[in-house]
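Chemist: predicted structure and sequence below. I'll ask about it afterward.
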Amino acid sequence: MAITYQEYIATSDQVANGFSFSFPYLSDNSGVALLDVYVQGVKLSPSVYTISSSTPKKIVILVTDVAEGNEVRIVRNSSTPSPLVDFVNGSILTESELDRAYLHNYYLSQEATEGAGGEQLTKKGTDHYDADGAKITDLGTPTAATDAVTKSYVDDQDFADRAYIDGLGLDHFDGSNLSANVDMNGNRLTNIGEALSPSDVSSRSYVSNAIDEATLGTGAAPGVSKHTGTGSQTDFTLTFAANHSNSSSYLVSIAGAVQDPDDYTIVGGTNDIRFTTPPTLAAEILVIERGYRSAFSEIPSDYDYGSIVGATDSSYDYGSVA
């Protein structure tokens, strides 16, 4: 348990009534308590808090400077620019003066042990040294593997040559430095991003989805647009976004009759279908997006299927054809 500081996460009751602390403290020769109070790591001015005379004592902070949930730290800090007691020859040594002089040194030693005053690098009761958020400056150049290093030392390192994971350095993954293929040694590239350009590495799910869309039709359904002829109107705005302007890529019927692609065009700028002749009044116009065809090479007909050697008994009965 700390003997020179206390820490809290402020409750509504503490915000309203104060934060108690039990450790003793001294005041300087002006009567100012040798305490520091921090809220959210920021040291408060003594003008925004008071010390109650209750038992145990409490630090009461102005409600404008602390809120419920804040980190509050009350720290004894006995460091002073000059001694609290100055003995002179022939003076009468009182108990209170001797105690004050002794306690000043005693409290300073306690605070040094716990680092409560923030002036010393200490373990504060743990296994590791705590710098209280302050920097450690003026380090020497590291020579041993366990030495602390400076920022300039780290900045000067060429991590492309030094940082290796399973034999692969950072330079292996920088295309500007590649001089050979990267061998993954049977390992996978995992958690890659979605492919955006043709040269991007694609995930398994991306490839599977692309195959499904091409073979199973699991992509976007073809667009369908319905209209009614007016007898005079030639242009009709499609209810889907036309992907291409080739009229043969759309199946168009008027009153159930399939139209010749030469009799209409797709106006890409306005997303319209334009007929050469206005469809008749009240005729249903149906436009279905067909998309592109997949090209296949012609299957040759001059295969050599070899010969079939008949069995000894070749008089098969194939039955009769009625």
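Modeler: Structure's in. What do you need?

Chemist: which residue sits closest to residue 153, ignoring its sequence neighbours?
Modeler: Excluding its sequence neighbours, the residue lying closest to residue 153 (CB to CB, 6 or more residues apart in numbering) is residue 142, at 6.3 Å. In this view, the C-beta of every residue, glycine as well, is placed from N, C-alpha and C.

Chemist: mind listing the strands for the stretch 51-200 of the chain?
Modeler: If DSSP state E, counting those that start in this stretch is used as the criterion, the strands of the stretch 51-200 of the chain fall at 57-61, 71-76, 164-165, 168-169.

Chemist: for residue 49, which non-adjacent residue is closest in space?
Modeler: Spatial nearest neighbour of residue 49, chain neighbours left out: residue 61 (4.5 Å); criterion: CB to CB, 6+ apart.

Chemist: tell me the contacts of that neighbour?
Modeler: The contact partners of residue 61, by CB atoms under 8 Å, 6 or more residues apart in numbering, come to 15, 18-19, 37, 39, 44, 48-49, 72.

Chemist: now, of those residues, which are buried?
Modeler: Neighbour counting with 16 or more other CB atoms under 10 Å marks 15, 18-19, 37, 39, 44, 49, 72 as buried within the contacts of residue 61.

Chemist: among those, name the ones in helices.
Modeler: In this view, these that belong to helices under DSSP state H are residue 15.

Chemist: what are the bridge partners for residue 252, then?
Modeler: Note on residue 252: beta-bridge partners by DSSP bridges are residue 287.

Chemist: what's the burial count for it?
Modeler: Residue 252 has 21 neighbouring residues, counting by other CB atoms under 10 Å.

Chemist: can you pull the contacts of it?
Modeler: Contact analysis of residue 252 by CB under 8 Å, 6+ apart lists 258-259, 261, 264, 273, 285-288.

Chemist: and the residues you listed, which is closest to residue 157?
Modeler: Among the contacts of residue 252, residue 288 lies closest to residue 157 (CB to CB), at 63.7 Å.

Chemist: now do residue 127 against residue 181, distance only.
Modeler: Residue 127 sits 47 Å away from residue 181, taking CB to CB, to the nearest Å as the criterion.

Chemist: just the buried ones among the contacts of residue 252, please.
Modeler: Among the contacts of residue 252, those scoring as buried are 259, 264, 273, 285-287 (criterion: 16+ other CB under 10 Å).

Chemist: may I ask which two of those residues are separated the most?
Modeler: Of all the pairs that these form, the one spanning the most space (CB to CB) is 264 and 286, at 12.2 Å.

Chemist: what about the helices in the protein?
Modeler: With DSSP H, the ranges of helices along the chain come out as 12-17, 95-114, 151-155, 159-162, 204-215.

Chemist: ok, of those, where does mean pLDDT dip lowest?
Modeler: Within those, the stretch with the lowest mean pLDDT is helix 159-162, showing a mean of 56.

Chemist: now do the buried residues in stretch 244-264.
Modeler: Judged by neighbour count (16+ other CB under 10 Å), stretch 244-264 contains these buried residues: 247, 249-250, 252, 254, 259, 264.

Chemist: for stretch 193-212, that is, sorry about that
Modeler: Applying a neighbour-count criterion of 16+ other CB under 10 Å, the buried positions in stretch 193-212 are residue 203.

Chemist: what's the closest non-adjacent residue to residue 266?
Modeler: Nearest non-adjacent residue to residue 266, counting by CB to CB, 6+ apart: residue 245, 4.5 Å away.

Chemist: contacting residues around that neighbour?
Modeler: Under the criterion of CB under 8 Å, 6+ apart, the contact partners of residue 245 comprise 265-268.

Chemist: now the buried members of those residues.
Modeler: Buried members of the contacts of residue 245, scored by 16+ other CB under 10 Å, are 265-266.

Chemist: out of the contacts of residue 245, which is nearest to residue 193?
Modeler: Distances from the contacts of residue 245 to residue 193 were compared by CB to CB; the smallest belongs to residue 268, at 32.1 Å.

Chemist: which one is that closest one nearest to, not counting chain neighbours?
Modeler: What sits nearest to residue 268 in space, not counting adjacent residues and going by CB to CB, 6+ apart, is residue 245, at 4.6 Å.

Chemist: just residue 32 next, same as before
Modeler: For residue 32, the nearest residue in space outside its immediate sequence neighbours is residue 46; the separation is 6.6 Å by CB to CB, 6+ apart.

Chemist: number of nearby residues for that neighbour?
Modeler: Neighbouring residues of residue 46 were enumerated by other CB under 10 Å; the total is 13.

Chemist: so how far is residue 28 from it?
Modeler: With CB to CB as the criterion, residue 46 and residue 28 are 11 Å apart.

Chemist: how about residue 112?
Modeler: When distances are taken as CB to CB, residue 112 and residue 28 turn out to be 18 Å apart.

Chemist: re the thing from before, between the helices of the chain, which one is nearest to residue 33?
Modeler: For the helices of the chain, distance to residue 33 was read as CB to CB. The smallest value, 12.3 Å, belongs to helix 95-114.
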